[in-house]
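Visitor: here is a sequence together with a model predicted from it:
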Amino acid sequence: MNVTESSPRQAEATTSPPAPRRRRVDLGFQRFSGLYVWAGIIVIFGAWIPSVFLTSQTLVSLVSDEAVTAILAVGLMFTLAAGGFDLSIGQNLGLSAILTATLSTVGGWNPWAAAIAAIVCSTAIGALNGLLVAKVGINSLIATLGMTSILLALSQVISDQQFRGPVPADLRALTAWQPLGIPAIAIYAVAFGFVAWYLLEHTPFGRRIYATGAGPEAAFLAGVRTSRYLLVSFMLSGLAAGIGGVLLTAKIGSIGPTIGPSYLLPCFAACFLGTTQIKPGKFNVWGTLIAIGLLATGVKGLQLVGGQQWITDAFNGVALIGAVSIAVVAARRASAGRARKGGRRQ
């Protein structure tokens with residue numbers, strides 16, 4: 001019988017633990033294209049109009065103006081991740097704003113009581129949307145589109161088709177402070193984003209929200225109460241609209257009944273563009289915030305160059321169509337790739 005003796009080096013090699021692998025940081029264009037495009041936009045406008053674009057005033061204005069959009073987009077993301085569409089979120093924000101302003105001025109309410117009442121009202125509207133979609137079975141596009149019209153009419157009735165304001169100083173103080181030069185409203189938006197990120201990425205609730213949106217039938221068979229999570233996602237969307245409406249009222253002081261719909265398109269554009277960032281093919285908080293920064297910087301640069309007001313709508317519309325197109329093509333390629341791999345295994 002032949003016995004092969006291993007050398008000391010071979011024995012040492014077999015007994016020594018494997019060297020730890022270094023984690024590679026993936027900064028590829030596919031996951032972080034938005035950051036590269038964002039940087040390119042900054043370079044272009046920085047070279048074009050440096051005296052007005054590359055200023056701290058422009059930065060503060062940009063961050064302050066987009067904070068409400070960020071809160072609204074992150075709230076909308078819950079509904080989209082669960083497989084629904086909330087077209088009423090913009091006017092729900094408008095109702096929250098007009099309700100806060102009306103109660104705290106004409107109604108004589110305490111400003112904080114008015115703000116809480118507006119947030120509760122918007123959350124209840126989100127719950128009603130969720131009931132119509134998850135329990136009654138109405139398509140989310142139809143249900144929330146009809147709700148948008150109802151909320152617009154309600155906003156006009158509450159405001160008597162007039163601007164409401166100025167709101168009390170106590171409410172204005174909510175967004176007036178600027179620690180280290182950072183607008184308070186931006187701090188609220190980042191805090192809201194962190195909470196949403198934790199819920200979606202690090203809790204069973206978030207995993208079930210994603211499962212509901214990815215495949216409601218399969219999720220239901222796996223024990224997920226999909227109708228409940230869809231309803232809750234609409235409630236969170238309404239909560240975000242309520243908070244955004246209160247902060248918007250505190251920021252600008254006077255509110256008109258038709259202010260809400262202008263926030264709808266930027267939110268959807270940011271959410272869908274966000275699915276091409278960080279975690280491609282998945283609604284995620286940080287991808288959405290990157291998209292908001294990119295879109296806002298592009299719009300701000302065009303406005304400072306001397307563009308007309310319609311540029312904002314055009315830019316956001318093109319971004320929405322482009323983002324959805326990229327997401328659809330990427331999903332189609334991924335599906336084709338999985339099909340090819342499955343064919344090879346067989």
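Guide: Here it is on my side, so go on. Residues are numbered from 1 along each chain as shown.
Visitor: average pLDDT for stretch 46-65?
Guide: Taken as a whole, stretch 46-65 has an average pLDDT of 93.
Visitor: what's the end-to-end length of that stretch?
Guide: Separation of the first and last residues of stretch 46-65 by C-alpha to C-alpha, to the nearest Å is 20 Å.
Visitor: check which residues of that stretch are buried.
Guide: Across stretch 46-65, burial judged by 16 or more other C-beta atoms under 10 Å covers 53, 58, 62-65. The way it works is simple: take the backbone N, C-alpha and C, and place the C-beta from them, glycine included.
Visitor: farthest-separated two in the residues you listed?
Guide: 53 and 64 (16.3 Å; C-beta to C-beta).
Visitor: let me know the next secondary structure element after the one helix or strand residue 243 maps to.
Guide: Per DSSP states H and E, residue 243 falls inside helix 226-252. Counting by DSSP H and E, the element after helix 226-252 in chain order, helix or strand, is helix 264-274.
Visitor: I'd like to know which elements that next one is packed against.
Guide: helix 56-81, helix 89-105, helix 285-305, helix 310-345 (3 or more C-beta pairs under 8 Å, 6 or more residues apart in numbering; DSSP states H and E).
Visitor: what's the closest of the ones you listed to residue 44?
Guide: Among these, helix 285-305 sits nearest to residue 44 (C-beta to C-beta), with 7.4 Å.
Visitor: so residue 226 touches residue 220, yeah?
Guide: Yes - assessed by C-beta atoms under 8 Å, residue 226 is found in contact with residue 220 at 5.0 Å.
Visitor: so for those two, which residue has more residues nearby?
Guide: Here residue 226 and residue 220 are compared on neighbour count by other C-beta atoms under 10 Å; more neighbours surround residue 226, at 23 against 14.
Visitor: ok, that one to residue 149 distance?
Guide: Distance, residue 226 to residue 149, by C-beta to C-beta, to the nearest Å: 28 Å.
Visitor: got it, and residue 163?
Guide: In terms of C-beta to C-beta, residue 163 sits 21 Å off from residue 149.
Visitor: give me the more crowded residue out of those two.
Guide: Neighbour count, other C-beta under 10 Å: between residue 163 and residue 149, residue 163 has more, with 14 against 11.
Visitor: list the residues that contact that one.
Guide: By C-beta atoms under 8 Å, 6 or more residues apart in numbering, residue 163 lies in contact with 254-256.
Visitor: just put those in TSV and tack on pLDDT and neighbour count.
Guide: Shown next, in TSV, are those (pLDDT from 0 to 100; neighbours: other C-beta atoms under 10 Å):
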residue	pLDDT	neighbour count
254	92	13
255	94	27
256	92	19
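Visitor: quick one: which of these is nearest residue 35?
Guide: Relative to residue 35, the closest of these is residue 255; by C-beta to C-beta it sits at 34.6 Å.
Visitor: isn't the closest one up against residue 249?
Guide: Yes - counting by C-beta under 8 Å, residue 249 is a contact partner of residue 255 at 5.5 Å.
Visitor: can you check which residues contact both of those two?
Guide: 97, 100-101, 165.
Visitor: pLDDT-wise, what's the bottom of those residues?
Guide: For the shared contacts of residue 255 and residue 249, the pLDDT minimum is residue 165, 86.
Visitor: how about the nearest residue to that residue once chain neighbours are set aside, what does it touch?
Guide: Spatially, and ignoring its direct neighbours in sequence, residue 165 is nearest to residue 254 (3.0 Å; C-beta to C-beta, 6 or more residues apart in numbering). Applying C-beta under 8 Å, 6+ apart to residue 254 gives the contacts 101, 163-167.
Visitor: how much space separates residue 254 from residue 235?
Guide: 29 Å.
Visitor: can you check residue 92 too?
Guide: As judged by C-beta to C-beta, residue 92 and residue 235 stand 11 Å apart.
Visitor: quick one, which of the two is more surrounded?
Guide: residue 92 (35 against 23).
Visitor: burial measure for the residue lying closest to the more buried one once chain neighbours are set aside, as a count.
Guide: Distances taken as C-beta to C-beta, 6+ apart put residue 241 closest to residue 92, at 3.8 Å, once the chain neighbours are dropped. The number of residues packed near residue 241 is 36, by other C-beta under 10 Å.
Visitor: likewise for the one 4 residues further on?
Guide: Summarising burial for residue 245: neighbours were counted as other C-beta under 10 Å, giving 32.
Visitor: quick one: contacts for the residue nearest to it when sequence neighbours are not counted?
Guide: Closest residue in space to residue 245, ignoring its immediate chain neighbours: residue 96 at 2.6 Å, by C-beta to C-beta, 6+ apart. The contact partners of residue 96, taken as C-beta under 8 Å, 6+ apart, are 118-119, 121-122, 241-246, 249.
Visitor: touching, residue 208 and residue 230? I think so.
Guide: No - the pair residue 208 / residue 230 is not scored as a contact, 10.4 Å apart, by C-beta under 8 Å.
Visitor: more neighbours, those two?
Guide: Under the criterion of other C-beta under 10 Å, the comparison of residue 208 against residue 230 puts residue 230 first, with 25 against 20.
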